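Chemist: Here's my sequence, what's the structure:
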Amino acid sequence: QVVTLSVLMYPVLRSLALQLHSAVTGSYVSGTHSIAFINCLNEQIAKDIARAIMDKKLAAYINILPKSSALYFWKGEMEESTEILLIVKTRTSKIGELSNYVRSIHPFEIPEIISLPIDQGNPLYLKWIEESVPRD
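Modeler: Got it, this is the predicted structure:
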């Protein structure tokens, strides 16, 4: 039971430790922020989802990239389509909430929502993300 509790508490404790380290040292802690990638069927859906994410303050900044070609397997068949890509900059601690929210509004049965931690970057930009997305 202690092991289960420890595993469940790890993300919370890690987040608190990172916040404390950042506050004490004034330096950026790798992985504090993330970039999420979300594919959308067309530009209107992409804009609607991006606006919804911003309205919920789940991101500081979203790029909407133009059409790209996609190849993928769906239900055993290779498919080809064009999609619009959202690149979302946010706190790593918000990725779960972002993913849940996007799944609730996205028209795809299984929308692509993946994220990568930001290792380093312009300290002023990273601080701006911090200020733009409220803490949990």
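Chemist: From now on I want contacts and neighbour counts done on CA atoms only, so please keep to that.
Modeler: Will do.
Chemist: Contacts for stretch 97-106, please.
Modeler: With contacts defined as CA atoms under 8 Å, 6 or more residues apart in numbering, stretch 97-106 is touched by 49, 53, 58, 110, 111, 113.
Chemist: 6 Å instead?
Modeler: Contacts with stretch 97-106, where a contact means CA atoms under 6 Å, 6 or more residues apart in numbering, come from no residue at all.
Chemist: And for stretch 74-93?
Modeler: With contact meaning CA under 6 Å, 6+ apart, stretch 74-93 is reached by 32-42, 59-73.
Chemist: what about 8 Å?
Modeler: 15, 31-43, 46, 50, 58-73, 117, 129-130, 133, 136.
Chemist: List the buried residues for that stretch?
Modeler: Buried residues in stretch 74-93, counted by 16 or more other CA atoms under 10 Å: 83, 84, 85, 86, 87, 88, 89, 90, 91, 92, 93.
Chemist: my read: residue 117 touches residue 37, true?
Modeler: No. Here residue 117 does not reach residue 37: they are 11.6 Å apart, not a contact under CA atoms under 8 Å.
Chemist: what's the helix or strand for the residue nearest the centre of the chain?
Modeler: Central residue of the chain (CA atoms, centre = their mean): residue 36, 3.5 Å from the mean position. In this assignment (DSSP states H and E), residue 36 forms part of strand 33-40.
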